[in-house]
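Novice: got a structure for you, letters missing:
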């Protein structure tokens, strides 16, 4: 009786934990996709606003501008950096070969994502062509699955722990109910 109950209990627990883990992986994938899309849309809107501001006010637009951690660069048509809010524009390398800058020069808008060696993180870029032929480029750290996981880890662990405890309780009761009628059979 105990062996059968134990096997049923273990089978139910394994199935419950497998479903829980698969659900968590699926939820994390959906959240990562959602937050990445929202971040891209926000950066695009900020790039549109920055392009309008720089086109209207020129270099004065950048004075006192706070983009909440975004990097903004103003790039000449030849690729030289005219302004950068996080570095010395004069000492920066030419940006003409950057994918988002080339795309902006060709179509008016450009975007890309890549790993930055100087900042050691993945960045998302949005670039806009200004009427004078210069380009405004914004960059923001892109959410990684690891960062997203760290952000939701505590509530995720609480939910997972509650789900495992509930699964254990239900598995114990279900296995006992399944075995009880079998034990009462008089052979």
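Specialist: Perfect, I can see it now. Nothing here was measured: the structure is a model prediction, and the numbers come from that model.

Novice: got any ranges where the protein has weak pLDDT?
Specialist: Counting by pLDDT under 70, the chain has low-confidence residues at 1, 116-120, 143-148, 186-187.

Novice: how about the strands in it?
Specialist: 71-75, 81-84, 109-116, 121-129, 135-141 (DSSP state E).

Novice: Just say which of those strands is most tucked in.
Specialist: strand 135-141 (a mean of 24; mean count of other Cβ atoms under 10 Å). Bear in mind the C-beta positions are built from the backbone N, C-alpha and C, glycine included.

Novice: what comes into contact with that one?
Specialist: 39, 43, 46-47, 50-51, 54, 67, 69-75, 77, 95, 98, 100-101, 104-105, 110, 116, 119, 121-130 (Cβ atoms under 8 Å, 6 or more residues apart in numbering).

Novice: Same list, the strands of the chain, but as TSV with distance to residue 5 please.
Specialist: TSV is the format used below for the strands of the chain (distance: least, Cβ to Cβ, whole Å):
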stretch	distance to residue 5
strand 71-75	61
strand 81-84	68
strand 109-116	53
strand 121-129	50
strand 135-141	52
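
Novice: Go through these and name the closest to residue 9.
Specialist: strand 121-129 (44.2 Å; Cβ to Cβ).

Novice: Next, the angle strand 135-141 makes with the closest one.
Specialist: Orientation note: strand 121-129 sits at an angle of 160 degrees relative to strand 135-141 (axes from the mean of the first three to the mean of the last three Cα atoms, to 10 degrees).

Novice: please begin residue numbering at 427 from this point
Specialist: Got it, the first residue is 427 from now on, which makes the last one we talked about strand 547-555.

Novice: how far is strand 547-555 from where the chain is centred?
Specialist: 15 Å (Cα atoms, centre = their mean, to the nearest Å).

Novice: What of stretch 438-457?
Specialist: That offset, for stretch 438-457, works out to 20 Å (Cα atoms, centre = their mean).

Novice: Equivalent analysis for stretch 589-603, please.
Specialist: For stretch 589-603, the distance to the chain centre is 35 Å (Cα atoms, centre = their mean).

Novice: Show me which residues of that stretch are buried.
Specialist: 589, 593, 597, 601 (16 or more other Cβ atoms under 10 Å).

Novice: Next up, the contacts around the second one.
Specialist: Taking Cβ under 8 Å, 6+ apart as the definition of contact, the neighbours of residue 593 are 438-439, 442-443, 446.

Novice: got TSV for the buried residues of stretch 589-603, with distance to residue 583 too?
Specialist: Output for the buried residues of stretch 589-603, formatted as TSV (distance: Cβ to Cβ, whole Å):
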residue	distance to residue 583
589	11
593	15
597	20
601	26
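
Novice: Out of these, the closest to residue 609 would be?
Specialist: residue 601 (12.1 Å).

Novice: Would you check that residue 590 makes contact with residue 445?
Specialist: No: with contacts defined as Cβ atoms under 8 Å, residue 590 does not count as touching residue 445, sitting 11.2 Å away.

Novice: Having no further points to raise, I will conclude here.
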